[in-house]
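> No sequence on hand, only this structure:
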Ligand code: CUA
């Protein structure tokens, strides 16, 4: 047996305990907050994104079934297309996001959707919008002079509320 000093032993125990606590915290957070790890879902050619046959030629929201949607979002300097999405509360939306130029970010505040948008790759993440309200989508990867102006919004409408449009 190697002789380990009493204080050294104590510090080794504390270090192991801290690691166990961290692994536990990450595991609990991952399960409780439903952390989604964005992977490279698909590769695309950024040069031909807007050509016919590409789903980003006409980006936007498509209804797949009642309450289930998919949204194709194109990122470019310095906007998201579309920059407004409207869904009824309770909707589940799968986002397919790519960039036609440089690296961007795609983070929907108040949800766990948070990904890098890489030219040539498609990021795919899902969110369920139970609470009516406005959700901001921000670009959180520096992409040039007007990076800070790059955002979009999701309007989650309460299906039971009176229609507010009066015209
Ligand atoms: Cu796009 Cu920052």
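Everything's here; your move. Bear in mind that the values here come from a model prediction, so they are computed numbers and not experimental data.
> Next, count neighbours for residue 42.
A count of nearby residues for residue 42, using other C-beta atoms under 10 Å, gives 11. From N, CA and C alone the C-beta is placed, and that goes for glycine too.
> So it is in contact with residue 118, correct?
No: counting by C-beta atoms under 8 Å, residue 42 stays clear of residue 118, with 11.6 Å between them.
> Please name the spatially closest residue to residue 92 (chain neighbours excluded).
Of all residues not flanking residue 92 in the chain, residue 128 sits nearest, at 4.7 Å (C-beta to C-beta, 6 or more residues apart in numbering).
> Now do the contacts for the residue nearest in space to the middle of the chain.
The chain has residue 113 as the residue nearest its centroid, 2.6 Å off, counting by C-alpha atoms, centre = their mean. Residues near residue 113 by C-beta atoms under 8 Å, 6 or more residues apart in numbering: 36, 95, 106, 107, 125, 126, 127.
> how near is it to residue 64?
According to C-beta to C-beta, to the nearest Å, residue 113 and residue 64 sit 18 Å apart.
> same question, residue 107
To residue 64, residue 107 is 24 Å away according to C-beta to C-beta.
> Over to residue 46?
Per C-beta to C-beta, residue 46 is found 26 Å from residue 64.
> Equivalent analysis for residue 153, please.
Using C-beta to C-beta, residue 153 is found at 22 Å from residue 64.
> picking up where we left off before, for residue 46 and residue 64, indicate the residue with more neighbours.
More crowded of residue 46 and residue 64, by other C-beta under 10 Å: residue 46, with 17 against 11.
> Wait, that one touches residue 98, no?
Yes: Residue 46 is within contact range of residue 98, at 7.3 Å (criterion: C-beta under 8 Å).
> just the helices in this structure please.
6-32 (DSSP state H).
> where does it have its least confident helix or strand?
strand 40-43 (a mean of 83; mean pLDDT, DSSP states H and E).
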